[in-house]
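*Asks:* This is a predicted model, with the sequence first.
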Amino acid sequence: MGAKHAPPLAGIGARRDGAEPTFDEIISGLRTLTLTAFSKMQRIWSIAALAGFATIAAPVWAQAGASAQQQNIAAPSVNNPLDLPEDFTIFGSENPNERSATAIVNGYVITGTDIDQRVRLVTAASQAEVSDEELQRLRVQVLRNLIDETIKVQAAEALDMAVEPAEIEQTYQQLAAQNFGQNPEQMDTYLTSVGSSPGALKRQIQGEIAWERLLRRNITPFINVSADEVNDVLARLEASRGTEEYRLGEIYMNATAENREAVIQNMQRIMQQLEQGGSFVAYARQFSEATTAVVGGDTGFLRLETLPAPMAEAARQMQTGQLVGPIEIPGGFTIMYLIDKQQVLTADPRDAVLSLKQISVAFPEGTSQEVANAKIEEFGTFVQSIRSCADADRARDAIGANVVSNDEIPARQLPEQLQNILLNLQIGQTTPPFGSAEEGVRVLMLCGRDDPEVSSGPTFDTVMSSIEEERINKRAQRYLRDLRNDAFIEYN
């Protein structure tokens, strides 16, 4: 099991530094604008589904075995359910994708250009160079996604719920405004510059809206949650008050005895890409087989008791921002990224809003380490003489320091090592000096602190919605599987 620190998951909204937004920042807006039903997704594990399949399948295999015994025919073994011969020869290419680069789904053609442009949306978010082998794997997954997307769009059209061009354009313009502010037309330029196109993103928007409509008509009306179920969840939440819950990023892949080694190799390659700066959100969206793939692998906050034991054990040992995997769990393997953790129904100290004064001194270019050390010592001695925030301003005249007030700073926005120090300070106290000869040295003085209120917990309606959404997502998986089975797909 490897353990690395990965780049933070991208947030939603425009870039505050004025830089062009990444694909993660653009595409994550889709969740807010078109995937309301999925915004609070919880992790849905395949364990129950596998167990259910085993329960149903066992009698079938038993009957098959009995019939075979009566006819003196060997029944398929557990390790060879298809009763394949032990020795056989593969005729033709072992890699079907060498000759199946595109597809036709119920008459709709998915072109090589469609695949290329969607792939570029993913690779544009990666800070590392993508190898040819990784690119081929990505193309395979993107083609699968495009096929599913096309099936969803066609299913909506068949039920007279087609997504109109005006709706797609409206969502596209909202995303553009969200990411480029007053210059939404820059969205087109950005997408073209990374080798994609506005059409590629609009097609994805169309698929997301179509799927939401299908679920609203064919799944959501048939989901029922009783008041007793909700009250039971609320009671268990109250009983767990103060225990820790974790917000994870996950990339999950199903594995069987037959493909286990191949899945491990695939996940190890994904780990390598993530460790080299690849986007966790982008890889989760394209490769993860969990329902959280649509939101970039984000599980939301959950308690470790709800996770398979190997994941829970790994999460307990992780630090925020850490990446581990692949981890074997029932049904497959997962890569985990710890986004955050908090205590259930308890105020998080990191949600405190701080009022700070930053006192800093810079060193002229070319300052030797010896001179810098002397200045740092002088700075530290002076800081210890400051008795209050009102007294901090005299640092300007006394040692030529720069003093800046920073009000309403959420503690969780600060580096983790500073969070721990500041949250243990009293008003008027300072952090130890930190910095370098190149960047200068500084301290932060705590001048005010507004602590967060203790959470009253989720409401009845919130819990009911969460349970409903979990059940919707389980049924949605089966619904999409049925749509795939009914589709006529040709590969070119």
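*Replies:* That came in fine, so what should we check first? Numbering: from 1, shown residues only.

*Asks:* From now on I want contacts and neighbour counts done on CA atoms only, so please keep to that.
*Replies:* OK.

*Asks:* Check which residues of the particular helix or strand that has Asp482 in it are buried.
*Replies:* Assigned by DSSP states H and E, Asp482 belongs to helix 460-486. Across helix 460-486, burial judged by 16 or more other Cα atoms under 10 Å covers 463-476, 479, 484.

*Asks:* Report the two of these separated the most.
*Replies:* Across these, the two members that end up farthest from each other (Cα to Cα) are Val463 and Arg484, 31.9 Å apart.

*Asks:* and the spatially closest residue to Val294 that is not a sequence neighbour, backbone torsions?
*Replies:* Once flanking residues are discounted, Val294 sits nearest to Arg285: 5.7 Å by Cα to Cα, 6 or more residues apart in numbering. The phi/psi pair for Arg285 (degrees, to the nearest 10) reads phi -60, psi -40.

*Asks:* residues in contact with Arg285?
*Replies:* Ala293, Val294, Val295, Gly296, Gly297 (Cα atoms under 8 Å, 6 or more residues apart in numbering).

*Asks:* Let me know how buried the fourth one is, in neighbour terms.
*Replies:* This means Gly296. Here the number of neighbours of Gly296 (other Cα atoms under 10 Å) works out to 27.

*Asks:* Can you name the helix or strand that the nearest residue to it once chain neighbours are set aside falls in?
*Replies:* If the residues on either side of it in the chain are set aside, Gly296 comes closest to Val281, at 4.2 Å by Cα to Cα, 6+ apart. Using DSSP H and E, Val281 sits in helix 280-287.

*Asks:* same check, this time on Leu356
*Replies:* Leu356 belongs to strand 353-361, assigned by DSSP H and E.

*Asks:* and if you look at Tyr337?
*Replies:* If you go by DSSP H and E, Tyr337 is part of strand 332-343.

*Asks:* quick one: the helices in the stretch 201-350 of the chain?
*Replies:* Under the criterion DSSP state H, counting those that start in this stretch, the stretch 201-350 of the chain carries helices at the ranges 227-239, 260-275, 280-287, 309-316.

*Asks:* looking at those helices, which is buried most?
*Replies:* Stretch with highest mean neighbour count among those: helix 280-287 (a mean of 25; mean count of other Cα atoms under 10 Å).

*Asks:* orientation of that one relative to strand 332-343 in degrees?
*Replies:* Orientation check (axes from the mean of the first three to the mean of the last three Cα atoms, to 10 degrees): helix 280-287 against strand 332-343 gives 140 degrees.

*Asks:* Only the C-alpha atoms, please, for helix 280-287, written as CSV.
*Replies:* Extracted in CSV, the C-alpha atoms of helix 280-287 (Å, rounded to 0.1, in the frame of the first residue of the first chain):
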residue,chain,number,x,y,z
PHE,A,280,-8.0,12.9,-8.6
VAL,A,281,-11.4,14.3,-9.7
ALA,A,282,-10.8,13.7,-13.4
TYR,A,283,-9.5,10.2,-12.9
ALA,A,284,-12.4,9.3,-10.6
ARG,A,285,-15.0,10.6,-13.1
GLN,A,286,-13.5,8.6,-15.9
PHE,A,287,-12.3,5.4,-14.2
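
*Asks:* how many degrees apart are that helix and helix 260-275 in direction?
*Replies:* 150 degrees.

*Asks:* give me the beta-bridge partners of the closest residue to Leu444 other than its chain neighbours?
*Replies:* If the residues on either side of it in the chain are set aside, Leu444 comes closest to Gln358, at 4.7 Å by Cα to Cα, 6+ apart. Beta bridges link Gln358 to Val404, Leu444 when assigned by DSSP bridges.

*Asks:* correct me, but Gln358 touches Cys447?
*Replies:* No: using Cα atoms under 8 Å as the test, Gln358 is too far from Cys447 to be in contact (10.4 Å).

*Asks:* neighbour-wise, which of the two wins?
*Replies:* Neighbours of Gln358 and Cys447, each counted by other Cα under 10 Å, are more numerous for Cys447; the result is 21 against 17.

*Asks:* mind listing what the more buried one touches?
*Replies:* Residues counted as contacts of Cys447 (Cα under 8 Å, 6+ apart) are Leu354, Ser355, Leu356, Lys357, Cys389, Ile427, Gly428.

*Asks:* go on, Arg396?
*Replies:* Asn402, Val403.

*Asks:* The helix or strand hosting it - what's its average pLDDT?
*Replies:* Using DSSP H and E, Arg396 sits in helix 395-399. Averaging pLDDT along helix 395-399 gives 83.

*Asks:* where in the stretch 351-492 of the chain is pLDDT low?
*Replies:* Along the stretch 351-492 of the chain, segments meeting pLDDT under 70 span 453-457.

*Asks:* Can you get me a residue count around Gln276?
*Replies:* Neighbours of Gln276 under the rule other Cα under 10 Å: 17.

*Asks:* Mind listing residues that contact stretch 221-236?
*Replies:* Outside stretch 221-236, the residues within contact range by Cα under 8 Å, 6+ apart are Pro458, Phe460, Val463, Met464, Ile467, Glu468, Arg471, Ile472.

*Asks:* Skip the chain neighbours and tell me the closest residue to the first one.
*Replies:* In space, not counting the residues next to it along the chain, Pro458 is nearest to Leu234; the distance is 7.9 Å by Cα to Cα, 6+ apart.

*Asks:* Repeat that for the third one.
*Replies:* Sequence neighbours aside, Val230 is the residue nearest to Val463 in space, at 6.2 Å (criterion: Cα to Cα, 6+ apart).

*Asks:* gap between that neighbour and Glu468?
*Replies:* To Glu468, Val230 is 10 Å away according to Cα to Cα, to the nearest Å.

*Asks:* And for Thr123?
*Replies:* With distances taken as Cα to Cα, Thr123 is found 35 Å from Glu468.

*Asks:* in stretch 422-433, what counts as buried?
*Replies:* Counting neighbours by 16+ other Cα under 10 Å, stretch 422-433 gives Leu422, Leu423, Ile427, Gly428, Gln429, Thr430, Thr431, Pro433 as buried.

*Asks:* Rebuild those residues as CSV, extending it with distance to Ile223 and secondary structure.
*Replies:* Below are the buried residues of stretch 422-433 laid out as CSV (distance: Cα to Cα, whole Å; DSSP: H, G, I helix; E, B strand; the rest coil):
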residue, distance to Ile223, secondary structure
Leu422, 47, helix
Leu423, 45, coil
Ile427, 52, coil
Gly428, 56, coil
Gln429, 55, coil
Thr430, 55, strand
Thr431, 54, coil
Pro433, 57, coil
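
*Asks:* closest to Ala309 among those?
*Replies:* Ranked by distance to Ala309 (Cα to Cα), the buried residues of stretch 422-433 are led by Leu423 at 32.8 Å.

*Asks:* With adjacent residues omitted, what lies nearest to that closest one?
*Replies:* Among residues not flanking Leu423 along the chain, Pro349 sits closest, at 7.3 Å (Cα to Cα, 6+ apart).

*Asks:* For the chain, give me the ranges with low pLDDT.
*Replies:* For the chain, the stretches flagged by pLDDT under 70 are 1-101, 125-128, 345-347, 453-457.

*Asks:* What are the boundaries of the strands in this structure?
*Replies:* For the chain, applying DSSP state E gives strands covering 2-5, 103-105, 108-110, 244-254, 298-303, 322-329, 332-343, 353-361, 402-410, 434-436, 440-450, 489-491.

*Asks:* nearest to Glu185, of the ones you listed?
*Replies:* Evaluated with Cα to Cα, the strands of the chain place strand 108-110 nearest to Glu185, the distance being 26.9 Å.

*Asks:* what helices or strands is that closest one leaning on?
*Replies:* Applying 3 or more Cα pairs under 8 Å, 6 or more residues apart in numbering; DSSP states H and E, we find strand 108-110 packed against strand 103-105, helix 132-158.

*Asks:* Ala374: which of those is closest?
*Replies:* Closest approach to Ala374 among the helices and strands packed on strand 108-110 is made by helix 132-158 (51.7 Å; Cα to Cα).
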